[in-house]
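J.: the sequence isn't on hand, but the structure is:
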């Protein structure tokens, strides 16, 4: 049995519940359409920095932020389109803008649907008319994010997209990874390393990108929580980024459709023709053992 309720906290919060499995999703449309909490069998899956979340001047560090129309950062935060230079900050603007929302009941499911459209402000940094429609669906121990990206411009629209989920953990040394890639690139050094299934969590920061991917899933087993998370993603997601900070109770495993700076390099960039729509799905499942 599904139900949706609303609570007016600092921001309007939508709460989607699957009462038969004690699963719950909290979404804040005003703060970038972000999922702030996801609970399975009453246990929290996501990390959230409450202080940053409460400050509208800061990007949210936690939950599942949305990345669009770029993933990662650009050199000097700039890109060039048709000879004109534009400025876009890291991960784009979708995670900072208010989204519209609706409740949908169909096919014995109840889910949240969120929408984001271009406006005059977005067109100063990204000169395209677009519409994004995301459906957040929970069923049992699985969270599914269905995405539709539509180009409403009269010219082809280049972009990349992805997610930046922050998963909660108490002891990173108890994490075991299965990532379908043989190597990764360190964001700081740009060096490429062979992946042996482990990370050095004594480092202050780990920021690496796995590519190419040989399959459409990754798993993380947290022995301290007796929890296995499985991330599934469509083929359009060419890159998985792993990021964490020493002393923080989170790790991020991020599906990106393209590497950072793709809007300049063109590598794996999605380019939609006028009037066209592309769809993508990301699923996260939680299983206790």
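T.: On my side now, so go ahead. This is a predicted model, so every value here is computed, not measured. Numbers count the residues shown, from 1 in each chain.
J.: all contacts plus neighbour counts: C-alpha atoms, from now on.
T.: Noted.
J.: buried set for stretch 98-108?
T.: 98-99, 101 (16 or more other CA atoms under 10 Å).
J.: can you lay out those residues as TSV showing distance to residue 245 and secondary structure?
T.: Supplementary listing: the buried residues of stretch 98-108 in TSV, determined by distance: CA to CA, whole Å; DSSP: H, G, I helix; E, B strand; the rest coil:
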residue	distance to residue 245	secondary structure
98	28	coil
99	29	coil
101	33	strand
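J.: just give me the closest of those residues to residue 278.
T.: residue 99 (19.2 Å; CA to CA).
J.: spit out the contact partners of residue 276.
T.: Each residue near residue 276 by CA atoms under 8 Å, 6 or more residues apart in numbering is listed here: 150-152.
J.: neighbour-wise, which of the residues you listed leads?
T.: residue 151 (22 neighbours; other CA atoms under 10 Å).
J.: what's opposite that one in the beta bridge?
T.: residue 130 (DSSP bridges).
J.: that one reaches residue 133, doesn't it?
T.: No. Counting by CA atoms under 8 Å, residue 151 does not reach residue 133; the two are 11.9 Å apart.
J.: if we can go back for a sec, adding distance to residue 72 and pLDDT, write the buried residues of stretch 98-108 out as JSON lines.
T.: Formatted as JSON lines, the buried residues of stretch 98-108 follow (distance: CA to CA, whole Å; pLDDT from 0 to 100):
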{"residue": "98", "distance to residue 72": "21", "pLDDT": "97"}
{"residue": "99", "distance to residue 72": "21", "pLDDT": "98"}
{"residue": "101", "distance to residue 72": "26", "pLDDT": "97"}
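J.: could you dump the residues you listed into TSV and include distance to residue 124?
T.: What follows is these, written out as TSV (distance: CA to CA, whole Å):
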residue	distance to residue 124
98	17
99	19
101	24
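J.: tell me the one of the residues you listed nearest residue 113?
T.: residue 101 (5.7 Å).
J.: once you drop chain neighbours, what's closest to that closest one?
T.: residue 114 (4.3 Å; CA to CA, 6 or more residues apart in numbering).
J.: okay, now the one you found: neighbour count?
T.: Neighbourhood size, residue 114 [other CA under 10 Å]: 21.
J.: residue 212: neighbour count?
T.: 14.
J.: residue contacts, it?
T.: 181, 183, 238-239.
J.: phi, psi of it?
T.: Dihedral pair for residue 212: phi -80, psi 160, per degrees, to the nearest 10.
J.: same check, this time on residue 53
T.: phi -60, psi -40.
J.: so how far is stretch 74-85 from its chain's centroid?
T.: Distance of stretch 74-85 from its chain centroid, counting by CA atoms, centre = their mean, to the nearest Å, is 24 Å.
J.: got the contact list for it?
T.: 86-90, 260-261, 263-264.
J.: can I assume residue 279 sits in a strand?
T.: Yes. Judged by DSSP: H, G, I helix; E, B strand; the rest coil, residue 279 forms part of a strand.
J.: just checking, residue 111 touches residue 104?
T.: Yes. Assessed by CA under 8 Å, residue 111 is found in contact with residue 104 at 5.4 Å.
J.: report pLDDT for the spatially most central residue of the chain.
T.: Residue closest to the average C-alpha location in the chain (CA atoms, centre = their mean): residue 163, at 1.3 Å. Residue 163 is assigned a pLDDT of 98 by the prediction.
J.: tell me the spacing between it and residue 175.
T.: 21 Å (CA to CA, to the nearest Å).
J.: check contacts around residue 225.
T.: Going by CA under 8 Å, 6+ apart, the list of residues near residue 225 reads residue 169.
J.: over to the one 5 residues further on?
T.: Listed by CA under 8 Å, 6+ apart, the contact set of residue 230 reads 217-220, 283-286.
J.: likewise for residue 130?
T.: 117-118, 149-153.
J.: any idea how far it lies from residue 255?
T.: Using CA to CA, residue 130 is found at 21 Å from residue 255.
J.: quick check, nearest of the contacts of residue 276 to residue 42?
T.: residue 150 (35.9 Å).
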